Every structure is written in structure tokens, then in C-alpha cells.
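S.K.: quick one, fold the following:
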Amino acid sequence: MDFKIVLESILKNFTKGNIRYGLIGGFALGALGVPRSTVDLDFLVNRDDMDKIDCIMKDNGYNCAYKSENVSQYVSALNIYGGIDFLHAFRTISLKMLDRAIEKEIFNGDFRIKVLRPEDVIGLKLQATVNDPKRLNGEYLDIESLMEHYRNDLDWNILNDYFALFSQEAKLAELKAKYDHAH
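M.R.: Next up is the predicted model:
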């Protein structure tokens, strides 16, 4: 996937369509200053915008390969355009994530993109470990990389809420002892 070509078109159309979105996943880690290789793009989007997103994606040559209440996956037959996954925000917690999204520069300032805050990316990665325990090691590498990078700026109250939601308070206590600058 050529991320720059894809994002140039997608972001322009997101702006035109007033799409409520936030970048998540591996590419979001890079935008947040924690580079990690990835092969696709992942977004959290307001579910009410999915009809507009469907049009944008189809206009850009993508086909919808999968769609459920919670996620949509779009793929292109051309490798340069790759695949883009959308998590649908409709619950209060995911809508708050979108409200807290921050703008970041990518590609040396060529583009600005909305990215979920580190705490919210951590929350989604925590959810991924609960949904699929085989992902635990990889997701925790990302979680700890974000905590290391943002240790002085993390909102531990938001993190407390996420870890409590998934009954992972003991793990949070361990991480907090390691990364909370107040300790």
C-alpha cells in the first residue's frame, strides 16, 4: 500500500464529507511518534457516516469485502491501494474517543490527520487482547511503547476506565508502576 497516495485522496474526501474519524492501529502509532510497520489503514468512524464512507471508498476503487454492525473492511484489487478497515463508533465510549481525537502531521507535514489519543489507542488494543488472546503479546508491545513515549502526558483516569472495563486492573497497576511519572 502506498499510504501517502491513499491518504491524500481519502483525507480530502473525509474533509469534504465532514466524516467524523480517528486513525487507529499501526499507522496511528507512527503518527503518535511510535513507529511500527503495518500493511493497512485502520480508522474509527462515526457509524452514522458509513453511507458516506461507502461512497468515498467505492469512488476510490475499493470494494466492501466485509460489513457488520461493528466493522467494515474495504479492499482494492490494486496493491498500491491495499485495504482499509473501519471500526464503527456508536457506543458512548467510542464516540468519546472520536471527540478526543487530535490532529497530527504526517509525511513531514504534508498532511494533517485526526488520530485517537494514545489512551484511546491503548483502550482499543486492550480490547483486541480480550477479543483475541493470541494478539496479547503484540498488542502489549504497542501498549507499552505508547506508555513509554507518553509517560508524562497520559491521562491515567481514562486508562483506569478501560482496564476496569475489561477487568484488567492488576495489569494496569503493573503498567502504572512502570510508566507513571508520579511513581
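
S.K.: is Y66 located within a helix, as I assumed?
M.R.: No - the assignment for Y66, made by DSSP: H, G, I helix; E, B strand; the rest coil, is strand rather than a helix.

S.K.: where's it relative to S72, distance?
M.R.: Distance, Y66 to S72, using CB to CB, to the nearest Å: 7 Å. (Glycine included, C-beta is placed from N, CA and C.)

S.K.: contacting residues for the residue nearest to the spatial centre of the chain?
M.R.: Among the residues of the chain, the one closest to the centroid is I24, at 1.1 Å (CA atoms, centre = their mean). Going by CB atoms under 8 Å, 6 or more residues apart in numbering, I24 touches D42, F43, L44, L87, V115, L116, V121, L124.

S.K.: which of the residues you listed are buried?
M.R.: D42, F43, L44, L87, V115, L116, V121, L124 (16 or more other CB atoms under 10 Å).

S.K.: distance to M97, secondary structure and pLDDT for those - can I get that in JSON lines?
M.R.: Compiled in JSON lines, the buried ones among the contacts of I24 are given as follows (distance: CB to CB, whole Å; DSSP: H, G, I helix; E, B strand; the rest coil; pLDDT from 0 to 100):
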{"residue": "D42", "distance to M97": "13", "secondary structure": "strand", "pLDDT": "95"}
{"residue": "F43", "distance to M97": "11", "secondary structure": "strand", "pLDDT": "97"}
{"residue": "L44", "distance to M97": "6", "secondary structure": "strand", "pLDDT": "97"}
{"residue": "L87", "distance to M97": "10", "secondary structure": "strand", "pLDDT": "96"}
{"residue": "V115", "distance to M97": "11", "secondary structure": "strand", "pLDDT": "97"}
{"residue": "L116", "distance to M97": "5", "secondary structure": "coil", "pLDDT": "97"}
{"residue": "V121", "distance to M97": "9", "secondary structure": "helix", "pLDDT": "97"}
{"residue": "L124", "distance to M97": "8", "secondary structure": "helix", "pLDDT": "96"}
